[in-house]
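S.K.: Below is the sequence, then the predicted model.
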Amino acid sequence: MNYTVALNFEDGVSRFIECNAGETVLDAAYRQKVNLPMDCSDGVCGTCKCHCDQGEFELGDEYLEEALSDEELDEGQVLTCQMVPSSDCVLRVPVASTLCKTGAGKRQASIVKVAPLSDDAIEVEIDIEGDTIGFLPGQYVHLEVPGANGQHRSYSFSSLPGESRASFLIRNVPNGLMSTYLTQQAKAGDSLEVTGPMGSFYLRSIQRPILMLAGGTGLAPFLSMLKQLRQTGCEHPVHLIYGVNVDDHLVKCDELDTATVELDFDYATVVVDENSLHPRKGYVTNHMDPAKLYGGDVDVYLCGPPPMVDAVLKHFASEGIEPASFHYEKFTPN
């Protein structure tokens, strides 16, 4: 049986490799032309040390404690020269991808559909050439803007990993480079280049309840996460607070409704507009149910514009809230 290992480098680039049964991660990486750090390859020097964020594996006892102590192992550190996966795994590699003679993958794609969902959001679907594209739910890619001399914009996947057709929820920015192209020029069949995946904002192994906080098109990575959870199952409750500026900016609620049926999941929508008739007005920080914070025994994921991210960070600090883990992604519309 083969296992997929995601290698997340410190410069934000992710590469996915296939590891054969009984094969070490280091050997699998070299076989696929990713030169992970190494020196001895015998569990002696510790040069190949990485952090395993999730997955099952065997290390055996052929390495020296000077290379990997019991305390480091308890913290999630591994030696890739000794690590033999027994499930799909995610590793943090403490060097830049360029130092491992690799980088972000580039693929050609073609536009399938451009659909306005509101005056603020556009859904884009693309077909990616070649094999299915690997990414972790929550990650993003650079999408080339056709006809813009190689310029690109970054967007989080809203689709499920492992499919050749990918979708994105894109903010419609007045006079924005990508927005102008999508609203005035784009048509099915247009070609563009996709670079990635990238980013450290992704769904970790589920160990406790989850609180998701989305602002506007920051909903996109959570749609991907929820699709993954619907596929794999989730034993813990998941709560989403989804904030927008005006009523019409609430989109993809049908997908959220589907997730409430298939998962232990619920969500609340919040509208900033004071003239709205929506039952919850204001900001996401005004509608955090203390019960959904589980006394801090919760993993928090936050994606939205910088002011929203900063406001949530300040709110948690002022309330003395310390989640078990806190992952966030700021996006700047352009």
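M.R.: Structure's in. What do you need? Numbers count the residues shown, from 1 in each chain.

S.K.: Could you give the backbone dihedrals for the closest residue to Arg230 other than its chain neighbours?
M.R.: The shortest distance from Arg230 to any residue other than its chain neighbours is 4.8 Å, reached at Glu262 (C-beta to C-beta, 6 or more residues apart in numbering). For the C-beta atoms, the positions are set from N, CA and C on the backbone; glycine is no exception. Backbone geometry at Glu262, expressed as degrees, to the nearest 10, gives phi -100, psi -10.

S.K.: Now do Glu262 against Asp310, distance only.
M.R.: Distance of Glu262 to Asp310, given as C-beta to C-beta, to the nearest Å: 33 Å.

S.K.: what does Phe222 give?
M.R.: Separation of Phe222 from Asp310 (C-beta to C-beta): 19 Å.

S.K.: my guess is the residue nearest to Arg230 meets Gln231, correct?
M.R.: No. Judged on C-beta atoms under 8 Å, Glu262 makes no contact with Gln231 at a distance of 9.5 Å.

S.K.: quick revisit: how many other residues sit next to the residue nearest to Arg230?
M.R.: A total of 14 residues lie near Glu262 under the criterion other C-beta atoms under 10 Å.

S.K.: how much space between it and Asp70?
M.R.: With distances defined as C-beta to C-beta, the gap from Glu262 to Asp70 amounts to 40 Å.

S.K.: Look up how far Leu229 lies from the residue nearest to Arg230.
M.R.: As judged by C-beta to C-beta, Glu262 and Leu229 stand 9 Å apart.

S.K.: got it, and Asn20?
M.R.: 28 Å.

S.K.: Ok, His287 next?
M.R.: Taken as C-beta to C-beta, the span from His287 to Leu229 is 22 Å.

S.K.: Looking at the two, which one has more neighbours?
M.R.: Set side by side, His287 and Leu229 show unequal neighbour counts under other C-beta under 10 Å, the larger going to Leu229 at 21 against 15.

S.K.: In the stretch 101-250 of the chain, what residue spans correspond to helices?
M.R.: Per DSSP state H, counting those that start in this stretch, the stretch 101-250 of the chain carries helices over the ranges 177-184, 220-232.

S.K.: hey, which of those is tucked in deepest?
M.R.: Comparing the helices of the stretch 101-250 of the chain by mean neighbour count (mean count of other C-beta atoms under 10 Å), helix 220-232 comes out on top with a mean of 22.

S.K.: Any stretches of this structure with poor pLDDT?
M.R.: Along the chain, segments meeting pLDDT under 70 span 333-334.

S.K.: what residue lies at the spatial centre of it?
M.R.: With distances taken as C-alpha atoms, centre = their mean, Gly138 lies nearest the centre of the chain, 1.9 Å away.

S.K.: mind checking how far that one is from Asn2?
M.R.: 24 Å.

S.K.: Can I get the one helix or strand Asp266 maps to in CSV, CA atoms only?
M.R.: In the assignment (DSSP states H and E), Asp266 maps to strand 265-271. These are the backbone C-alpha positions of strand 265-271, laid out as CSV (Å, rounded to 0.1, in the frame of the first residue of the first chain):
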residue,chain,number,x,y,z
PHE,A,265,-21.8,20.8,12.4
ASP,A,266,-23.7,24.0,12.9
TYR,A,267,-23.1,27.6,11.7
ALA,A,268,-24.2,31.1,12.4
THR,A,269,-24.2,34.0,9.9
VAL,A,270,-23.5,37.6,10.9
VAL,A,271,-24.1,40.8,8.9
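
S.K.: Just the buried positions in it, please.
M.R.: Buried residues in strand 265-271, counting neighbours by 16 or more other C-beta atoms under 10 Å, are found at Phe265, Tyr267, Ala268, Thr269, Val270, Val271.

S.K.: Would you reformat those residues as CSV and include distance to Gln184?
M.R.: Compiled in CSV, the buried residues of strand 265-271 are given as follows (distance: C-beta to C-beta, whole Å):
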residue, distance to Gln184
Phe265, 37
Tyr267, 33
Ala268, 35
Thr269, 30
Val270, 32
Val271, 29
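
S.K.: Span of stretch 22-37 from start to end?
M.R.: Its start and end residues considered, stretch 22-37 measures 20 Å (C-alpha to C-alpha, to the nearest Å).
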